[in-house]
Structures are given as structure tokens and as C-alpha cells.
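>>> Predicted model and sequence follow; I will ask about them next.
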Amino acid sequence: RQRAQVVLITGGLGPTKDDLTKHVLARYFDTELVIHEPTLAHVTSFFTRFNRPMLDVNRQQALVPANCEVLPNAVGTAPGMWFTDQGTVFVSMPGVPFEMKRLMTDHVLPRLQARFHTAPIEHLVVMTAGMGESFLAQKIADWEDALPPNFKLAYLPSFGAVRLRLTGTADGLPDLRGRMLALLPALRERIGEYIFAEEETTLEAAIGKLLLAQNLTIGTAESCTGGLVAKRLTSVSGSSAYFRGGIVAYH
């Protein structure tokens, strides 16, 4: 809190004894846990809808620190919590990714945008594969060094890919996104053979998009990968339109 105006916290909001977040927050803010009746009603209806018994421990989902604003969780039982204390905003959210994302979209981002008036930013994402981040950085060092002061590049590696995220902060000049897009041709000249998409996506989704565009189908024959290639291809929604099947010989 000494360094940041906003502290985002995820996880630890379940009904079991190892979920300590609410208790820690109550101690931190020197307050008590109280039952939030609308949340209790939501939790009760959740169990009724799925015809599941509601245990006493599940009632604890409705316990929240007395000084928080409750953020309703539309897709789960653990509510989010918004605290404003000495000028700092604390937000506690469930750790389940789809619940956290929904709370961010429904409540947290709109509230932060209303509270903090910051310069607009734009992001461009370039997905690469086949080269590690240090080698990529070396290949595009001159391009990165020439970026305007309000443009920043982040290297975000994951298994089998490196995501390059270019962030531009508004500087009072028009068409921020257009000026960012104008930088991409020079980037392609340097690492074009390693770029598989210029959007937030995965390698398997990009392959599926190409197959659909060219009206092609694909099948796999795998050995020591144990079916992993087929698994990744079929993890994409709609892959049945182009994936014909596979064999795992393991030989």
C-alpha cells in the first residue's frame, strides 16, 4: 500500500479452513466479519438451483469484513470485496479464473475507470514461436531502442511461444493506435518468420484459423507426444470443422 494506489488480491475466499483471506483482511482493517444478507440469499439460491444440500460451512461464503463494499459474483458463491482505506483501493476476488474475470469485467474495471482518470492506453500483441525471448530481443534491439518514449515493449514467454506486447500511452497526439500499427512492418522485417499471429491467440487457434480460411483438414499420427498435438488442436472451439482424427502409436 506504500507503493500502489490499487491492490488486487485473488484467492482464499472458499468455505474451508485454509481460506484465510477474509479473516486476514478483517484483522488488517481492524474490523469484524458480518453476514451479508444479499450474498447469503444468492448462495442459498445457488444450492437450491442445483438441488445440492447447503451445509453450515457454506453460509460462511456470506461472511465479509464490515468495512467492505460487496461485489456480487454472478457465476459463483464467493463475493468480491472492495475496500477504500487511506486513499488506497483494495479489491479481493475469488481465485477461480472465470469468476475473477467476470468480477473484473462487471465491477472492478468500471469502478477503477470511474475513480482514476488516467491517460488512455492501447495494446498491440504479436505472437511468436520458434525463438526464445533473449534471441528475439537481440534481433529487434534496434527497433525497440527506436520506440517513442510513450511506447513500451514487454516480452511475455509461455510454453512454446513468446508474446510481444506493445503498449502505447496517449501523448496528446492523434491516432495513437495508427502510429503503433505503423511500427509493425519494420518488426515483420526482422522476425517475420517467427510471427504466427498479430492478435491475442494461441498457436493451435491460429492454425485452426488458417485451415478454415483455406478449406483444409488435418489429421495426426503421434508417437512419444502421446496425443498432445491432437489434444491441442481439439482444444479450440469449432475444431471439428477441420480435425479429422488421429492415431497414437507410441512406438
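Thanks, I have the structure now.
>>> Any buried residues in stretch 37-52, and which?
39, 42-44, 46 (16 or more other CB atoms under 10 Å). To be clear about C-beta, it is placed using only N, CA and C from the backbone, and glycine gets the same treatment.
>>> Which pLDDT does the model give the most centrally placed residue in the chain?
Centre of the chain computed as the mean C-alpha position; nearest residue by CA atoms, centre = their mean is K101, 7.0 Å away. pLDDT, K101: 96.
>>> any idea whether it is helix, strand or coil?
With DSSP: H, G, I helix; E, B strand; the rest coil as the basis, K101 sits in helix.
>>> just use 436 as the starting number from now, easier for me
Right, with 436 as the first residue, what we last looked at is K536.
>>> And it, how far from P473?
22 Å (CB to CB, to the nearest Å).
>>> what is the rounded mean pLDDT of the host helix or strand of R598?
R598 is part of strand 596-604 when elements are defined by DSSP states H and E. Averaged across strand 596-604, pLDDT comes to 96.
>>> With stretch 469-484 instead?
On average, stretch 469-484 scores 89.
>>> Tell me which residues are up against that stretch.
488-489, 493-494, 496-501, 505, 507-508, 512, 514 (CB atoms under 8 Å, 6 or more residues apart in numbering).
>>> Now, the residues you listed that are in helices?
The members of the contacts of stretch 469-484 that map onto helices under DSSP state H are 493-494.
>>> Please, a PyMOL command that selects the buried ones among the contacts of stretch 469-484?
Of those, the buried ones can be selected in PyMOL as follows, counting by 16+ other CB under 10 Å:
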select buried, resi 493+496+497+498+499+500+505+508+512+514
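>>> nearest to L616, of the contacts of stretch 469-484?
N508 (37.5 Å; CB to CB).
>>> Please report how far the closest residue in space to A509 that isn't next to it in sequence lies from H458.
Leaving aside its sequence neighbours, A509 sits nearest to R537 (CB to CB, 6 or more residues apart in numbering; 5.9 Å). Distance, R537 to H458, by CB to CB: 24 Å.
>>> of these two, who's got more company?
R537 (18 against 13; other CB atoms under 10 Å).
>>> unless I'm mixing things up, that one is touching L506, no?
No - the criterion here is CB atoms under 8 Å, and R537 misses it with L506 at 10.2 Å.
>>> Just the contacts of stretch 469-484: which are in strands?
Under the assignment DSSP state E, the contacts of stretch 469-484 contribute 498-500, 505 to strands.
>>> quick one: which of these is nearest R462?
Closest to R462, out of all of the ones in strands among the contacts of stretch 469-484 and judged by CB to CB, is P500, at 9.2 Å.
>>> now, the most widely separated pair of the contacts of stretch 469-484?
Largest pairwise distance in these, by CB to CB, is 29.0 Å, between P488 and A501.
>>> Would you map the strands across this protein?
441-445, 468-470, 498-500, 504-506, 515-520, 523-528, 556-563, 586-593, 596-604, 630-632, 653-657, 678-683.
>>> Can you add distance to M615 and give the ones you listed back as CSV?
Below are the strands of the chain laid out as CSV (distance: least, CB to CB, whole Å):
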stretch, distance to M615
strand 441-445, 25
strand 468-470, 47
strand 498-500, 42
strand 504-506, 33
strand 515-520, 33
strand 523-528, 29
strand 556-563, 5
strand 586-593, 7
strand 596-604, 5
strand 630-632, 16
strand 653-657, 34
strand 678-683, 35
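>>> I am finished for the moment; much appreciated.
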